[in-house]
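In: Quick check, what structure comes out for this input:
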Amino acid sequence: MSNLNNKSVILVGGAGFIGHNLAIQLKKLGAHVTILDSLMINNYYHYLKMKHEPGVDIYIKMIEQRLQLLKEYEIKLIEVDARDYKFISYLLNNIPCQTLVHLAAVAHADKSNKNPFNTFDHSLRTLENTLDTARTTHNDINHYVYFSSSMIYGNFTKGSVTEETRCDPLGIYGNLKFCAEQIVKAYQQAFGLDYTIIRPSALYGERCVSRRVGQIFIEEALKGNPINITGDGSSKLDFTYIDDFVSGMINVIENEESRNQTFNLTYGEARSIGQMADIIKDYFPNVEINYIPKDQLTPDRGTLDVTKAKNILGYSPQYPLEKGYPKYIEWYKNEWANFSS
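Out: Alright, predicted model coming up:
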């Protein structure tokens with residue numbers, strides 16, 4: 001029997017790409033799952049306001065698929081703005097919860113650097129509200145899971161980083177994530193609220209609307225447009241398929257050894273942007289590839305060593321880029337055809 005059977009989990013900001021996939025898997029394993037989400041940040045209402053702009057309709061369709069899946073699995077979704085301290089506090093005091101997973105944030109480095117106020121408002125304000133409620137709640141919250149980012153490492157000085165590697169983030173997004181990690185740790189020191197900090201990298205997979213690099217490549221190829229690569233294609237990312245990431249998150253939530261620890265949670269092997277483009281060319285042989293200057297606030301990255309997650313949690317990623325990315329491409333091609341018909 002799963003350690004998650006009858007465990008109560010709340011996902012704040014859980015109706016997004018990561019959250020809805022995690023919620024479904026938790027429910028399959030017997031957990032009681034509740035999602036609190038405003039559906040505003042890179043979600044349904046955001047795109048609904050843009051529905052007359054080209055290319056937006058397919059994103060609305062994907063988000064509607066997410067919401068339909070949550071209904072099918074009978075996962076409760078409560079619409080709430082996590083910046084609203086009174087409302088979020090009321091809900092967290094009245095809905096059973098042992099583990100709180102905080103996903104509410106602006107999850108885009110470029111958007112964060114261009115609009116710091118909005119990022120602080122939706123990332124730090126929401127973090128403050130859920131942390132403070134979790135430590136004062138009359139509920140049973142005893143585990144707080146925070147999603148950080150590989151961006152906190154800044155430029156990788158070697159080919160890989162461990163959780164002990166010195167962090168030297170660039171720009172608003174990376175520094176905000178690093179700051180948030182310290183705040184989460186401080187709440188454990190001051191109030192005894194156990195935490196787990198997760199550092200993902202280059203996530204991709206079905207029903208993502210965040211326009212990460214893998215999604216951009218597929219969409220441009222489907223449209224018959226050129227693909228623009230920043231730099232010369234040699235830059236590397238630790239591309240992580242959503243199913244691997246969710247499996248790691250399940251390990252985190254069900255394993256007591258995850259408490260008060262930080263984990264890299266990626267595939268654990270960096271691949272170049274050029275290698276991802278080569279896979280695209282297998283499916284779209286006529287696609288044109290262009291190279292453009294790299295943004296100075298985009299760090300040089302590489303592999304996030306996942307040895308710690310493997311040893312402590314039993315994490316076992318199964319999707320190298322050659323396996324996960326074609327699966328995603330085939331799904332996207334099918335969705336595109338259905339949408340166009």
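In: Provide the secondary structure category for the residue of the chain positioned farthest from its centre.
Out: Distance from the C-alpha centroid of the chain peaks at Asn286, with 31.6 Å (CA atoms, centre = their mean). At Asn286 the chain is in coil, as set by DSSP: H, G, I helix; E, B strand; the rest coil.
In: what helices or strands is the helix or strand hosting Asn129 leaning on?
Out: Asn129 is located in helix 125-136, with elements delineated by DSSP states H and E. Judged by 3 or more CB pairs under 8 Å, 6 or more residues apart in numbering; DSSP states H and E, helix 125-136 is in contact with helix 85-94, strand 99-102, strand 143-147, helix 171-191. Where you see a C-beta, it was placed from the backbone N, CA and C, and this is true even at glycine.
In: Show the low-confidence segments of this protein, by residue range.
Out: The model of the chain has pLDDT under 70 over residues 1-2, 138, 297, 340-341.
In: again, 80 this time
Out: Applying pLDDT under 80 to the chain picks out residues 1-2, 107-113, 137-139, 294-298, 339-341.
In: all helices in it, in order from the N-terminus.
Out: Here the chain has its helices, by DSSP state H, at 17-28, 44-48, 57-72, 85-94, 109-114, 116-119, 125-136, 171-191, 213-223, 242-254, 273-283, 307-313, 321-340.
In: Export these as CSV, with columns for mean neighbour count and distance to Val161.
Out: Listed next are the helices of the chain as CSV, based on neighbours: other CB atoms under 10 Å; distance: least, CB to CB, whole Å:
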stretch, mean neighbour count, distance to Val161
helix 17-28, 22, 21
helix 44-48, 17, 32
helix 57-72, 16, 32
helix 85-94, 16, 33
helix 109-114, 18, 17
helix 116-119, 14, 24
helix 125-136, 20, 23
helix 171-191, 18, 13
helix 213-223, 19, 20
helix 242-254, 22, 17
helix 273-283, 17, 19
helix 307-313, 17, 11
helix 321-340, 15, 19
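In: okay, those helices in a markdown table with distance to Lys158 next?
Out: As requested, these are exported to a markdown table (distance: least, CB to CB, whole Å):
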| stretch | distance to Lys158 |
| --- | --- |
| helix 17-28 | 28 |
| helix 44-48 | 38 |
| helix 57-72 | 37 |
| helix 85-94 | 41 |
| helix 109-114 | 22 |
| helix 116-119 | 29 |
| helix 125-136 | 30 |
| helix 171-191 | 18 |
| helix 213-223 | 22 |
| helix 242-254 | 23 |
| helix 273-283 | 19 |
| helix 307-313 | 15 |
| helix 321-340 | 21 |
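In: Could you check how far Tyr44 is from Met50?
Out: Note on Tyr44: its distance to Met50, by CB to CB, to the nearest Å, is 11 Å.
In: Let me fix that, I meant to ask about Tyr291.
Out: Taken as CB to CB, the spacing of Tyr291 relative to Met50 amounts to 29 Å.
In: quick revisit: roughly how far apart are the residue farthest from the centre of the chain and Asn225?
Out: Taking CB to CB, one finds Asn286 at 11 Å from Asn225.
In: Also Leu77?
Out: 35 Å.
In: And the two? Which one has more around it.
Out: Ranked by neighbour count (other CB atoms under 10 Å), Leu77 and Asn225 place Leu77 first, with 21 against 12.
In: Pretty sure the more buried one sits against Leu67.
Out: Yes: here Leu77 reaches Leu67: they are 7.3 Å apart, a contact under CB atoms under 8 Å.
In: Please identify every residue contacting each of the two.
Out: The overlap between the contact sets of Leu77 and Leu67 (CB atoms under 8 Å, 6 or more residues apart in numbering) consists of Ala15.
In: and Ile18, how far is that from Leu193?
Out: Distance from Ile18 to Leu193, by CB to CB: 22 Å.
In: quick one, what contacts the closest residue to Leu176 other than its chain neighbours?
Out: Nearest residue to Leu176, sequence neighbours excluded (CB to CB, 6 or more residues apart in numbering): Ser123, at 5.9 Å. For Ser123, the contact set (CB under 8 Å, 6+ apart) comprises Ala104, Ala105, Val106, Ser112, Leu176, Ala180.
In: same check, this time on Val287
Out: Counting by CB under 8 Å, 6+ apart, Val287 touches Glu220, Ala221, Pro226, Ile227, Ile280, Lys281.
In: make it 6 Å
Out: Ala221, Ile227 (CB atoms under 6 Å, 6 or more residues apart in numbering).
In: just Thr266 next, same as before
Out: Shown in contact with Thr266 (CB under 6 Å, 6+ apart): Ser201, Asp238, Thr240, Leu304.
In: repeat that for 7 Å
Out: The contact partners of Thr266, by CB atoms under 7 Å, 6 or more residues apart in numbering, come to Pro200, Ser201, Asp238, Thr240, Leu304, Val306.
In: residue contacts, the last one?
Out: Just to be clear, that refers to Val306. Taking CB under 7 Å, 6+ apart, we find Val306 in contact with Asn264, Leu265, Thr266, Gly268, Tyr315.
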